[in-house]
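Q: One predicted model, sequence on top.
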Amino acid sequence: MVKLIRTAEMFLANFEHVTEKIPNYNATRKVNLVVLHTPAKSADFSSDVLQQRAALLRTFFSESRRIRVSSEDDLVVFSPS
């Protein structure tokens, strides 16, 4: 997700007419990941949904140097590297 955001910004920053709109572009800046939480329903707690969401979170943070992610199927635990 973070790579996608930075790639989109790089494409924008490379066009001369758009560069003015992003004057402080920095490819190595920190990015805050915002997660929207919606009210949960019973279907959200099925094992298939939990496994899919755990896999998604694991994928998001798989290349992180600072965060270690657990490899359990239906649970994601974050710990400092």
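A: Done, it's in.

Q: where's L57 relative to R66, distance?
A: Going from L57 to R66 by CB to CB, to the nearest Å gives 15 Å. Where C-beta positions appear, they are placed from N, C-alpha and C, glycine not excepted.

Q: now swap in T59 and tell me
A: T59 is 17 Å from R66, by CB to CB.

Q: Make sure V49 is actually in contact with A43.
A: Yes - counting by CB atoms under 8 Å, A43 is a contact partner of V49 at 6.7 Å.

Q: okay, the two: which has more neighbours?
A: For V49 versus A43, neighbours defined as other CB atoms under 10 Å are more numerous around V49 (13 against 8).

Q: Got the confidence number for S46?
A: Here, the pLDDT recorded for S46 equals 89.

Q: do the same with V49
A: Note on V49: pLDDT of 86.

Q: What helix or strand is it located in?
A: Using DSSP states H and E, V49 falls within helix 47-60.

Q: Specify the next element, helix or strand, located C-terminal of that helix.
A: strand 67-69.

Q: now the next helix or strand after that next one: mean pLDDT?
A: Sequence order places strand 78-80 as the next helix or strand after strand 67-69, per DSSP H and E. Averaged across strand 78-80, the pLDDT comes to 73.

Q: Strand partners (parallel or antiparallel) of strand 78-80?
A: Applying DSSP bridges to the sheet, strand 78-80 is found paired with strand 67-69 (antiparallel).

Q: Now do L57 against T38, distance only.
A: 16 Å.

Q: In terms of packing, which of T59 and R66 has more residues around it?
A: Between T59 and R66, T59 has the larger neighbour count (other CB under 10 Å), namely 11 against 8.

Q: how far away is the more buried one from L50?
A: 15 Å.

Q: Please apply the same query to S64.
A: Applying CB to CB, the value for S64 to L50 is 21 Å.

Q: of the two, who's got more company?
A: L50 (15 against 12).

Q: mind checking how far the more buried one is from R68?
A: Per CB to CB, L50 is found 20 Å from R68.

Q: got it, and L56?
A: 17 Å.
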